[in-house]
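Visitor: need a 3D model of the sequence below.
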Amino acid sequence: MSVERLVTSGQFTLDGGTWDVDNNVWLVGDDREVIVIDAAHDADAILSAVGDRELKAVVCTHAHNDHINAAAAVADRTGAPILLHPADAVLWDMVYPDRGPDRALADGQEISVAGTTLKVLHTPGHAPGAVCLYAPELDAVFTGDTLFAGGPGATGRSFSDFGTIIDSIRDRLLTLPGDTVVRTGHGDATSIGAESPHLEEWIARGH
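Guide: Residues are numbered from 1 along each chain as shown. Predicted coordinates for the structure are as follows:
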């Protein structure tokens, strides 16, 4: 069982602005089957990383363009379904007006790959349908843009809310074991134990 990180580069666009970004694409599985978490920017690089393994699903932590802009190409070339929480449909439709996700993610849902289970945690705030994926057997949680090394994801743009992301982090993430590795949508990993002491600082900073 392995967790692989692929970093891809491209642009994030929302509210009339565009920013250059590097994204973490996570591959979770073994030498037979794998899931991709957040198919960002570069379908060829993602498919190369998947190799000859069966791609079970493309799982989207949220539908900002930089996290889904390679999802359709990866799915179409492998037959894998795209999974997204339905509350992010408004963001998805900005990127793919003519193609919907294949399956809906729901809080508490379990995704199985290579004998390991990832539990879906609905963590709105950065986006309405943002989710994190908790894999207790891997001592890991894949947080997308909900929690980073150093604090919450951004909430200054459309369809985001600071109070909501703080509630999500406090109630859904900081309750996980402290040694849980936080594998983020951008940048370096951290841990629940490293981030949890700073909650009050983030709240003060956000107001």
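
Visitor: ok, the residue nearest to L84 when sequence neighbours are not counted to A57 distance?
Guide: Distance criterion CB to CB, 6 or more residues apart in numbering; nearest residue to L84, sequence neighbours excluded, is P101 at 4.0 Å. In this view, the C-beta of every residue, glycine as well, is placed from N, C-alpha and C. P101 sits 11 Å away from A57, going by CB to CB, to the nearest Å.

Visitor: could you do D171 as well?
Guide: For D171, the distance to A57 - CB to CB - is 26 Å.

Visitor: of these two, who's got more company?
Guide: A side-by-side neighbour count of D171 and A57, using other CB atoms under 10 Å, places A57 first with 22 against 11.

Visitor: which residues do P101 and A57 both contact?
Guide: Contact criterion CB atoms under 8 Å, 6 or more residues apart in numbering; residues shared by P101 and A57: P81, I82, L83.

Visitor: from V59, how far out is the first one?
Guide: Between P81 and V59 the computed distance is 9 Å (CB to CB).

Visitor: same question for A39.
Guide: From A39 to V59 the distance is 9 Å (CB to CB).

Visitor: for A45, same thing?
Guide: Here the criterion is CB to CB. By it, A45 lies 17 Å from V59.

Visitor: for this structure, just list every one of the strands.
Guide: In the chain, the strands defined using DSSP state E lie at 2-14, 17-29, 33-37, 54-59, 82-84, 103-104, 110-113, 116-122, 131-135, 140-144, 147-148, 151-152, 181-184, 190-191.
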